[in-house]
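J.: Structure for this input, please:
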Amino acid sequence: MRFHLVDRIDEICYGSYIAGVKCITLADDVFNEHFPGYPIFPGSLIQEGLAQLAGSFFELMRHKQNLPMKYSVLSIVNRMKFRKPAEPGDRLIYRADVTIVRDEYGVAAVKATCEGELIANGELTFSFLDVPDNQLLESRKTIYNICMKNTREIPNENSV
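T.: Alright, predicted model coming up:
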């Protein structure tokens, strides 16, 4: 099973940041068990959504630079804090700001907010691994095309 925990990518500023949205609905499978009578979206899934957004950003930056595609694999979670529960009906705004990017790894400061309030924040480190499967590579491109249908590209004079 694959969880797609970013519904849409709203903005991208290559070399700087990416912002996206996760709309939490009661239809999300997790609410069958977490928790009956008091449904809250698990912090681990908020963290995963932030990791999906940040990891995608590193992959998209490589693509923009015409570098070989590599997977961004979450390798370190640092100082992740969950400050307020998220519930069905909440619209989480995810943001990832690049702090370090090298050939073999990248680091992003991430945060999730809801109606201006901080829900979670931390720092995620990714290792970059080769993608040996062309079919898998094509499926990634398809997902990016769907999520980025109306993405605004913000100019960055330091961008790649």
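J.: helices and strands around the helix or strand containing residue 143, which ones?
T.: Assigned by DSSP states H and E, residue 143 falls within helix 134-147. The contact analysis (3 or more C-beta pairs under 8 Å, 6 or more residues apart in numbering; DSSP states H and E) places helix 134-147 against helix 43-64. Every C-beta, even on glycine, is put in place using the N, C-alpha and C of the backbone.
J.: what comes up buried for the helix it packs on?
T.: Residues of helix 43-64 classed as buried: 43, 45-47, 49-62 (neighbour count, 16 or more other C-beta atoms under 10 Å).
J.: Stretch 151-159 now?
T.: The neighbour-count check on stretch 151-159 (16+ other C-beta under 10 Å) flags residue 151 as buried.
J.: Name the surrounding residues that touch it.
T.: 8-16 (C-beta atoms under 8 Å, 6 or more residues apart in numbering).
J.: Of those residues, which belong to helices?
T.: Among these, no member is found in helices (DSSP state H).
J.: just the buried members of those residues?
T.: 8-10, 12-15.
J.: For the most centrally placed residue in the chain, which residues are in contact?
T.: For the chain, the residue nearest the mean C-alpha position is residue 53 (1.5 Å; C-alpha atoms, centre = their mean). Counting by C-beta under 8 Å, 6+ apart, residue 53 makes contact with 6, 9, 18, 20, 94-96, 110.
J.: Perfect, that will be all.
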